[in-house]
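# Mind looking at a prediction? Sequence and model below.
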Amino acid sequence: MTPREVHIIGAGPSGLTAALTLARNGVKTVVFEKAHDAGARFIGDYQGLENWSTEEDVLDFLASLGVAVNFRCVPYTAGTFYGPASDRFDVRAARPWFYLVERGVGPESLDQGLKRQALEAGAEIRFGRKVTHAEAERVIVATGPRAADAIARGVVFETSHPDACFGFLDDRLAPRAYAYLLIQAGRATLATCLYDDFRHAQTYFERALTTIRSVVDFDVRSPQTFGGYINFDVRPSWTRGDRLYFVGERAGFQDALWGFGLRYAMLSGFLAAHAILEDEDYDALCRQRIVPRIETSLANRLLFSQLGNHGYLWVLRRLAGRDVTASLRRHYEPSRPKRLLYEIARRQIHPHLRETACRQESCACLWCEHGKRVHTAAMDRCVADVTTPPSGLNA
Ligand SMILES: Cc1cc2nc3c(=O)[nH]c(=O)nc-3n(C[C@H](O)[C@H](O)[C@H](O)COP(=O)(O)OP(=O)(O)OC[C@H]3O[C@@H](n4cnc5c(N)ncnc54)[C@H](O)[C@@H]3O)c2cc1C
């Protein structure tokens, strides 16, 4: 039987997608969010809504969840990668390989777009409410990552560089991961991601800045630094009793290969709401629609982590000149060999840092920082450096 009231903890993409689905179907929906607004965990940084993991275009996928595109959502059909020796590889795609979205509290952000849709549907959102216990008949727990399998260090700034997208594969900048520079409408996000050696994140960030500036000409104004982390996991169940439903990264739903978790966040929020509305088995829905893809991404992570700089060069040579969406698509398709690899991967991959005492409150986690901007002296030095354009560049 459909409950009269559902509580949702966390107003991220997973919680808000659940909220708009439930409220549209006439269920009294209350979202509790510890921050002052939706998206406060981010600072206007750009992310990618990947468009390669399914045949279906991600915009059709969003439509199938009932999510309207009322936020910045810009298709990218080309991009440039650089390998470890700064060799350049241009890639193209017949259909967008990702849509750029903005995260944060700005009016065009994904978070604010989802918030508007949830409110229009009739959901209530209570900001500044950190919840540790919920009493409602049904509770959706959408509180985001709990541990760090990978971390990111980045900077957001204004620039006069035209829209572009650059990726960098080099373990000296981003161990077992990648660095990126996304530019759209005069704003840019530059970041490095690390799946290893978190304690030297600052060094990798500085190296990434230096390397990226040596191959891409861009000016920097009003920089703001940020840090973040992601968490992936495959569990036997995403419910507790018949009352608690875990969604998004709190459930471990994340692309283990590269951290493109947005689609899983929104899908799982939708599935939890659907299960509540239709009295269906949420665990079974997750096993059917999410788990095979998460397992494949873990198998891909195992493969990718073996590549090293020589392997990245090999991968980039194969990608260059081909349709990047179609090439990536093949690797994201669940298959029997990937399932076997997953069995090995799941025994090998564990979060690097897990602080059991961490409640994202008054903790000293290296990776957590409670969603605040990273502000160390070293980071300030680094930003001072990035704001000083090399000679010959416009300020
Ligand atoms: C730097 C960075 C770059 C990324 N880039 C990409 C990308 O390009 N593409 C992509 O697909 N994914 C990307 N991701 C991953 C993506 O951001 C996440 O997968 C997605 O935000 C997860 O959504 P969620 O709703 O599960 O959790 P979150 O977005 O983390 O939302 C959880 C919400 O719950 C709130 N909350 C937590 N605890 C409580 C509590 N006790 N009470 C009340 N509220 C609480 C938090 O304040 C937060 O608002 C990136 C992540 C990071 C950190």
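Noted; the coordinates are in hand.
# Scan the chain for its longest helix.
helix 262-278 (DSSP state H).
# Spell out which residues of this protein are next to the ligand.
Within the chain, the positions lying close to the ligand (C-beta under 6 Å from any ligand atom) are 9-15, 32-35, 41, 47-48, 130-131, 142-144, 152, 228-230, 248-250, 254, 259-262, 265. In this view, the C-beta of every residue, glycine as well, is placed from N, C-alpha and C.
# In strands only, show me these.
Among the residues of the chain next to the ligand, the members found in strands (DSSP state E) are 9, 32-33, 47-48, 152, 228-230.
# model confidence over stretch 49-69, on average?
For stretch 49-69, mean pLDDT is 97.
# In contact with the closest residue in space to Gly79 that isn't next to it in sequence, which residues?
For Gly79, ignoring the flanking residues on the chain, the nearest one in space by C-beta to C-beta, 6 or more residues apart in numbering is Cys165 at 4.1 Å. When contacts are counted by C-beta atoms under 8 Å, 6 or more residues apart in numbering, Cys165 touches 76, 78-80, 100, 180-183.
# try 7 Å this time
76, 79, 182 (C-beta atoms under 7 Å, 6 or more residues apart in numbering).
# neighbouring strands for the helix or strand where it lies, and are they parallel or not?
Element membership for Cys165 (DSSP states H and E) is strand 164-168. Using DSSP bridges, the strands paired with strand 164-168 are strand 78-82 (parallel), strand 179-184 (antiparallel).
# hmm, which two among the ones in strands among the residues of the chain next to the ligand are most spread apart?
Greatest spatial distance among these (C-beta to C-beta): Phe32 and Gly48, at 28.6 Å.
# Quick check, pLDDT for the residue of the stretch 251-395 of the chain found nearest the ligand.
Taking C-beta to the nearest ligand atom as the measure, the stretch 251-395 of the chain has Gly261 as its residue closest to the ligand, at 2.4 Å. pLDDT recorded at Gly261 is 97.
# What is the neighbour count of it?
28 (other C-beta atoms under 10 Å).
# check contacts around it.
Gly261 is in contact with 230, 249, 253-255, counting by C-beta under 7 Å, 6+ apart.
# and what of Arg72?
So, once contact is read as C-beta under 7 Å, 6+ apart, Arg72 ends up touching 101-102, 108.
# Between those residues, identify the one with the most neighbours.
Highest count within the contacts of Arg72 by other C-beta under 10 Å belongs to Glu102, 27 neighbours.
# circling back: mind checking the pLDDT average for the strand holding Cys165?
Averaged across strand 164-168, pLDDT comes to 97.
# try stretch 282-290
97.
# Only alpha carbons, please: show it as PDB.
Provided in PDB are the C-alpha atoms of stretch 282-290 (Å, rounded to 0.1, in the frame of the first residue of the first chain):
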ATOM      1  CA  TYR A 282      13.600  -2.200  -4.800                       C
ATOM      2  CA  ASP A 283      16.400  -4.700  -4.400                       C
ATOM      3  CA  ALA A 284      15.200  -6.600  -7.400                       C
ATOM      4  CA  LEU A 285      15.000  -3.400  -9.500                       C
ATOM      5  CA  CYS A 286      18.500  -2.400  -8.500                       C
ATOM      6  CA  ARG A 287      19.800  -5.900  -9.400                       C
ATOM      7  CA  GLN A 288      18.100  -5.700 -12.800                       C
ATOM      8  CA  ARG A 289      18.800  -2.100 -13.800                       C
ATOM      9  CA  ILE A 290      21.900  -1.000 -11.900                       C
END
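# Distance from the chain centre to it, please.
20 Å (C-alpha atoms, centre = their mean, to the nearest Å).
# before we move on, back to that, most surrounded residue in the contacts of Cys165?
Neighbour counts for the contacts of Cys165, by other C-beta under 10 Å, peak at Leu182, which reaches 25 neighbours.
# Many thanks, we can stop here.
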